[in-house]
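Asker: Sequence plus predicted model, see below.
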Amino acid sequence: MRHRLLSEFPTLVLDYDAVDDLLHARWGPAQTLASTQAGYEQILTVLPAQHCHRLLDDRRQSHLMWDELATWMATDWCPRAHAAGLLRHAVVFAEDFFGHLATELVLARVDGYGQLMGFSSEAAARHMLLAS
């Protein structure tokens, strides 16, 4: 079995790709600041439980734009994720302008916590995660 479904909610679907050894997070369009932070907290508990060091963070359907989220990701979540073993984090940009901008803000503020990069396609993001 390639994918193992770990959780499924309207705001976030998490599955583990056992072949490529990565956690795949697919965000739904109905997000609030609180639901997004709760989703990232859930990711933070799943990463070490799966002994996984790669996150495919698919935000294509996301429609959020909060400066607080970008600050929280850069100063709080990313350092904790790195400490928990996250080495590569590939984000697929939202198709929505504001969702894309929110991810750009996070990328601009995060520095020194493994590889965090944004991509326009899932294929490109997956390629970065699997590159040695």
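Answerer: The structure has been received and is ready for your questions.

Asker: Please enumerate the helices of the protein.
Answerer: For the chain, the helices defined by DSSP state H cover 33-49, 67-72, 78-83, 97-109, 122-130.

Asker: ok, the residue nearest the centre of the chain - contacts?
Answerer: Centroid-nearest residue in the chain, with Cα atoms, centre = their mean: Asp57, separated by 3.1 Å. By Cβ atoms under 8 Å, 6 or more residues apart in numbering, the residues touching Asp57 are 25, 27, 89-92, 125. For glycine as for every other residue, the C-beta is placed from the backbone atoms N, C-alpha and C.

Asker: What's opposite it in the beta bridge?
Answerer: Listed beta-bridge partners, Asp57: Ala25, Val91 (assigned using DSSP bridges).

Asker: Arg4: which of the helices of the chain is closest?
Answerer: helix 33-49 (10.9 Å; Cβ to Cβ).

Asker: The helix or strand bottoming out on mean pLDDT in the chain packs against which elements?
Answerer: The weakest-scoring helix or strand in the chain, judged by mean pLDDT, DSSP states H and E, is helix 97-109 (a mean of 83). Packed against helix 97-109 by the contact rule (3 or more Cβ pairs under 8 Å, 6 or more residues apart in numbering; DSSP states H and E) you find helix 67-72, strand 88-92, strand 115-119.

Asker: pLDDT weak spots in this protein?
Answerer: The chain contains residues with pLDDT under 70 at 1, 65, 112-114, 132.

Asker: If we use 90, what do you get?
Answerer: The model of the chain has pLDDT under 90 over residues 1-4, 29-33, 50, 62-71, 73-74, 94-116, 132.

Asker: most neighbours per residue, which of the helices and strands packed on helix 97-109?
Answerer: Comparing these by mean neighbour count (mean count of other Cβ atoms under 10 Å), strand 88-92 comes out on top with a mean of 23.

Asker: quick one: which of the contacts of Asp57 is nearest Ser62?
Answerer: Using Cβ to Cβ, the contacts of Asp57 come closest to Ser62 at Trp27, 4.7 Å.
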